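Chemist: coords please:
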Amino acid sequence: MSLLILALPPGPASPYAWATSADGQQLSAHGTASAELLPAAGRGVEVVAVLPAAQLSWHRVQLPRGVGPRSPRLRATLVGLLEDQLLDETEQLHFALGPDAGAGGQTWVAVCRRDGLLAHLRALDAAGRPVARIVPERSPEPGALQLDFIGEPERAQLLVAGGPDGGAQALPWSAGTLALLQARGGDALATAQVQAEPAVAALAEQVAGRPPTLQIPAQRLLQASATRWDLAQGELARTGAARASRQAGAAWRTFWHAPAWRAARWGLGLLLLVQIVGLNVAAWQTRGELAARRTQIDAALTQSFPQVKVVVDAPVQMARELASLRRDTGAASPRDLGPMLGTWAQHAGAEAVPAAFEYAPGELRVRGVQLSASALEQARRQLRPLGYRLDTDAQGAVLREGAAP
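Modeler: Next comes the predicted model:
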């Protein structure tokens, strides 16, 4: 499943920055377009919306026992826990829990304006690009401090994630931002992962004391799409089928392209290769056995009938030679009238008195005979080992030569 990743602008009428990826690891294309002119999002394409870091706030909460991600009391509980920390009315806000949230445990909560997010989702739905997943541009992650310098030198922004408290924050760059960053990160600033857009690379190098990793906005969108966070919760949640399809597609994409699964992919490839080689070896052995059996049959024909010089179809030629030998010696064949009449008389029973016989080579029709089910089954059991098959029709019974003994 490929990805169409969209950066949500401040308003639904603004153009969307977009990026595509076939494997979730490398960019395929990127650009900017209105909702109607975005790349197509048909079958096999997952649309991921990226919410800018400046539009999110992050809060660490302790969930009460019995209240988890699917609890009907979740929103009311979060409102009660966070109402003193929020500036907007809670009715206007959307809440989303972290991917590892559980009842009675601590978790991060993402909070954003609901009306703007809903407007984007409706606009994209109307344009035929329904969003399957909503992810934050940066999310709280444990581990090393991560700094992203973005924007233009006059209006630079700093995205901060990780570090000692593991939070995430979008800060406008100013004289006081560096002091705030040092107070937050401490010694972690020296080992921070620093990324920067080309326009603010010099600023990032000045702050970090080393050249940053250059990253264009589309690469940041691709990086954001790999997070386990999904803000499409509560009233914004996708259907169960869509969620299952997305998870299956993401799992397949991760297995097929992620470097961490390279060893497993090699193992699977080697296993398939061994299976293919094994099947080919077995087929080669089977072909050899069949060829040996054909050679034995051909040899039996030429040894039994030396006058046969060219073997085309050994069973047919052997049957033909046997029939010719019977004619020459006067021996009767099981297909002849005499043996078939004798077989009928011996196994049909005294009560089966025929009105007439019709004979064709290998087939004897007995008119006017009606056998009971038990008598028919008994006769069939007796005739089968002799190479005959007994059937019935509306006019009587039919004895045929050719049943496998």
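
Chemist: going forward, measure contacts between C-alpha atoms and count neighbours the same way
Modeler: OK.

Chemist: And for Val160, the neighbour number?
Modeler: Around Val160 there are 25 other residues, counting by other CA atoms under 10 Å.

Chemist: Stretch 366-379 spans what distance, first to last residue?
Modeler: By CA to CA, to the nearest Å, the extent of stretch 366-379 from end to end equals 14 Å.

Chemist: meant to ask about stretch 52-64, not that
Modeler: For stretch 52-64, the end-to-end distance is 30 Å (CA to CA).

Chemist: any idea where the helices of this protein begin and end?
Modeler: 74-82, 114-126, 175-185, 201-208, 217-225, 240-257, 262-304, 314-329, 337-347, 373-383 (DSSP state H).

Chemist: Out of these, which one sits most buried?
Modeler: helix 217-225 (a mean of 21; mean count of other CA atoms under 10 Å).

Chemist: just checking, what packs against it?
Modeler: With contacts taken as 3 or more CA pairs under 8 Å, 6 or more residues apart in numbering; DSSP states H and E, helix 217-225 sits against strand 2-7, strand 16-21, strand 45-51, strand 133-136.

Chemist: Mind splitting this protein into its structural domains?
Modeler: 2-139+227-257, 141-213, 266-329, 337-401 (automatic domain parsing).

Chemist: From the chain's centroid, how far away is stretch 376-387?
Modeler: Offset of stretch 376-387 from its chain centre (CA atoms, centre = their mean, to the nearest Å): 54 Å.

Chemist: mean confidence for that stretch?
Modeler: Model confidence over stretch 376-387, given as mean pLDDT, is 86.

Chemist: cool, stretch 397-404 as well?
Modeler: 77.

Chemist: who are the neighbours in contact with the residue nearest to Pro136 when sequence neighbours are not counted?
Modeler: Nearest in space to Pro136, with sequence neighbours left out and distances taken as CA to CA, 6 or more residues apart in numbering, is Leu51 at 4.9 Å. By CA atoms under 8 Å, 6 or more residues apart in numbering, the residues touching Leu51 are 7-8, 134-137.

Chemist: what do you get for Val194?
Modeler: Applying CA under 8 Å, 6+ apart, the residues contacting Val194 are 146-149, 204, 208, 212-213.

Chemist: Report the beta-bridge partners for it.
Modeler: Leu147 (DSSP bridges).

Chemist: Averaging pLDDT per element, find the lowest-scoring helix or strand in the chain.
Modeler: helix 240-257 (a mean of 57; mean pLDDT, DSSP states H and E).

Chemist: Do you know the pLDDT at the residue nearest to Gln215 when sequence neighbours are not counted?
Modeler: Nearest residue to Gln215, sequence neighbours excluded (CA to CA, 6+ apart): Glu197, at 5.2 Å. Reading off the confidence values, Glu197 has pLDDT 94.

Chemist: same thing with Leu290?
Modeler: 89.

Chemist: So for Pro164, which of the helices and strands packed on helix 217-225 sits nearest?
Modeler: strand 133-136 (20.0 Å; CA to CA).

Chemist: In contact with the nearest residue to Val353 once chain neighbours are set aside, which residues?
Modeler: For Val353, ignoring the flanking residues on the chain, the nearest one in space by CA to CA, 6+ apart is Val369 at 6.4 Å. Contacts of Val369 were listed using CA under 8 Å, 6+ apart, and they are 352-355, 395-397.

Chemist: which intervals of the stretch 151-300 of the chain have sub-threshold pLDDT?
Modeler: 184-188, 239-258 (pLDDT under 70).

Chemist: quick one: Leu147 and Ala29, what's the gap?
Modeler: 25 Å.

Chemist: Leu325 too?
Modeler: The gap separating Leu325 from Ala29 is 81 Å, by CA to CA.

Chemist: returning to what we had before: put together CSV for the helices and strands packed on helix 217-225, with mean pLDDT and distance to Ala332 on each row.
Modeler: CSV is the format used below for those (pLDDT from 0 to 100; distance: least, CA to CA, whole Å):
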stretch, mean pLDDT, distance to Ala332
strand 2-7, 94, 75
strand 16-21, 94, 80
strand 45-51, 94, 75
strand 133-136, 94, 83
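
Chemist: Could you dump those strands into JSON lines and include distance to Glu363?
Modeler: Listed next are the helices and strands packed on helix 217-225 as JSON lines, based on distance: least, CA to CA, whole Å:
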{"stretch": "strand 2-7", "distance to Glu363": "67"}
{"stretch": "strand 16-21", "distance to Glu363": "72"}
{"stretch": "strand 45-51", "distance to Glu363": "66"}
{"stretch": "strand 133-136", "distance to Glu363": "74"}
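
Chemist: if we compare the ones you listed, which one ends up closest to Leu279?
Modeler: strand 2-7 (33.7 Å).

Chemist: Quick check: which helices or strands does the closest one pack against?
Modeler: Using 3+ CA pairs under 8 Å, 6+ apart: strand 2-7 touches strand 16-21, strand 45-51, helix 217-225.

Chemist: Direction included, what does the second one pair up with?
Modeler: Pointing back at strand 45-51 there. Strand 45-51 is paired, per DSSP bridges, with strand 2-7 (parallel), strand 133-136 (parallel).

Chemist: As TSV, the ones you listed with distance to Gly162 would be great.
Modeler: TSV is the format used below for the strands paired with strand 45-51 (distance: least, CA to CA, whole Å):
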stretch	distance to Gly162
strand 2-7	22
strand 133-136	14
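
Chemist: can you pull up the bridge partners for Leu399?
Modeler: Leu364, Leu390.

Chemist: Let me see the contact set for it.
Modeler: Leu399 makes contact with 340, 344, 363-366, 388-391 under the criterion CA under 8 Å, 6+ apart.

Chemist: Pick the one among those residues closest to Ala13.
Modeler: Closest to Ala13 out of the contacts of Leu399 is Asp391 (81.5 Å), distances taken as CA to CA.

Chemist: can you count the residues close to that closest one?
Modeler: 13.

Chemist: Contacts only, for the nearest residue to it once chain neighbours are set aside.
Modeler: In space, and not counting its chain neighbours, Asp391 is closest to Val398: 5.1 Å by CA to CA, 6+ apart. Contacts of Val398 were listed using CA under 8 Å, 6+ apart, and they are 363-366, 390-392.
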